[in-house]
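Visitor: Task: produce atomic coordinates for the following.
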Amino acid sequence: MLLKVLGTAAGGGVPQWNCACSGCSGARADPRRRRHHASLAVMAAEGHWYLVNATPDIAAQIENCPELHPGPERRRTPLAGVVLTDAELDHTLGIALLRQAESLEVLATAAVRDALLERQHLGALLTPYTELTWRLLPDGGRAEPLATGSTIHISTVPVSGKQPRYATAGAPAGAADRWVTALRLTDSATGRTAVYAPALGAWSPALEEAVSEADCVILDGTFWDDDEPRRHKCSDRTATAMGHLPIDGPNGTARRLASLSARRLYTHLNNTNPLVDPDAPQHKVLARLGIEVAADGTEIVL
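Guide: Got it, this is the predicted structure:
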């Protein structure tokens, strides 16, 4: 299994265009701190790739990943489709930027698909340009090949009922736990497994089982501690109330990850998170636990 980390920032990226906080100002002065929106590329087969989430940075992310470059024919692209973990704007706006494709497959839960079609009107927007084919992500513990003939199988774990702001009214019945999912990717040829959860609102028994069996876990690292959003005045809610379990603290995810034998990495960092500074002491705290902070461009081979 080959995974390419295309981006590691939360909504707005680092730096965020309208923000002069220490994280964004530091990123403008130091290129090491710059991060594109969180996204992952998964090789389903040789020359056949899927993106996990389509961000506003999608064009730059494709250019920064040679495996995703078109060719040798003029319009031949290795990009076959997009898998969505949720319906947030920072994970879906990039679909519109792929309108030059002859066709595009999008894998999502029913709640996420309906939000994009009925609230974003994505189907009506793109029909004049390209053909979108929708495929429901498997649920109930089922797994299915990411693409026909692929050894990479995908399954989902519900992790949050958080809806994007534009879809908070009139949510589909029974969709409360299907708005945000973690993805479990298994290579049937090797038995190796990766779990990708860039947004994480709750640590369920199903997620505990998935990460305990995984060889690699890439997890939501939006906020370092629970009070960070309020302390930086970017929200009047805690990290947990915003739908993101913090890294540090009594209920932090670092303590849970520390007990795993898998390779463990954090992604989806907010601009207020001290981890956006590669020299911040919090990196040493995680290193002592054997936990990494993913960087844009990180390659993972399992």
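
Visitor: which residues touch the residue nearest the centre of the chain?
Guide: Per Cα atoms, centre = their mean, the C-alpha nearest to the average position across the chain is that of Pro198, at 4.1 Å. Pro198 is in contact with Ala38, Asn53, Thr85, His91, Ile218, Leu219, Asp220, Thr267, His268, counting by Cβ atoms under 8 Å, 6 or more residues apart in numbering. Bear in mind the C-beta positions are built from the backbone N, C-alpha and C, glycine included.

Visitor: gap between it and Arg230?
Guide: According to Cβ to Cβ, to the nearest Å, Pro198 and Arg230 sit 22 Å apart.

Visitor: Now do the strands in this structure.
Guide: Counting by DSSP state E, the chain has strands at residues 2-7, 39-45, 48-52, 79-83, 103-108, 131-136, 144-145, 152-160, 180-187, 193-197, 216-220, 263-267, 291-293, 299-301.

Visitor: Dump these to JSON lines, plus mean pLDDT, mean neighbour count and distance to Thr253.
Guide: Formatted as JSON lines, those follow (pLDDT from 0 to 100; neighbours: other Cβ atoms under 10 Å; distance: least, Cβ to Cβ, whole Å):
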{"stretch": "strand 2-7", "mean pLDDT": "98", "mean neighbour count": "23", "distance to Thr253": "18"}
{"stretch": "strand 39-45", "mean pLDDT": "98", "mean neighbour count": "23", "distance to Thr253": "18"}
{"stretch": "strand 48-52", "mean pLDDT": "98", "mean neighbour count": "23", "distance to Thr253": "19"}
{"stretch": "strand 79-83", "mean pLDDT": "97", "mean neighbour count": "22", "distance to Thr253": "22"}
{"stretch": "strand 103-108", "mean pLDDT": "96", "mean neighbour count": "19", "distance to Thr253": "25"}
{"stretch": "strand 131-136", "mean pLDDT": "96", "mean neighbour count": "14", "distance to Thr253": "28"}
{"stretch": "strand 144-145", "mean pLDDT": "98", "mean neighbour count": "14", "distance to Thr253": "28"}
{"stretch": "strand 152-160", "mean pLDDT": "96", "mean neighbour count": "22", "distance to Thr253": "11"}
{"stretch": "strand 180-187", "mean pLDDT": "97", "mean neighbour count": "24", "distance to Thr253": "12"}
{"stretch": "strand 193-197", "mean pLDDT": "98", "mean neighbour count": "24", "distance to Thr253": "10"}
{"stretch": "strand 216-220", "mean pLDDT": "98", "mean neighbour count": "26", "distance to Thr253": "6"}
{"stretch": "strand 263-267", "mean pLDDT": "98", "mean neighbour count": "23", "distance to Thr253": "8"}
{"stretch": "strand 291-293", "mean pLDDT": "98", "mean neighbour count": "19", "distance to Thr253": "9"}
{"stretch": "strand 299-301", "mean pLDDT": "98", "mean neighbour count": "13", "distance to Thr253": "19"}
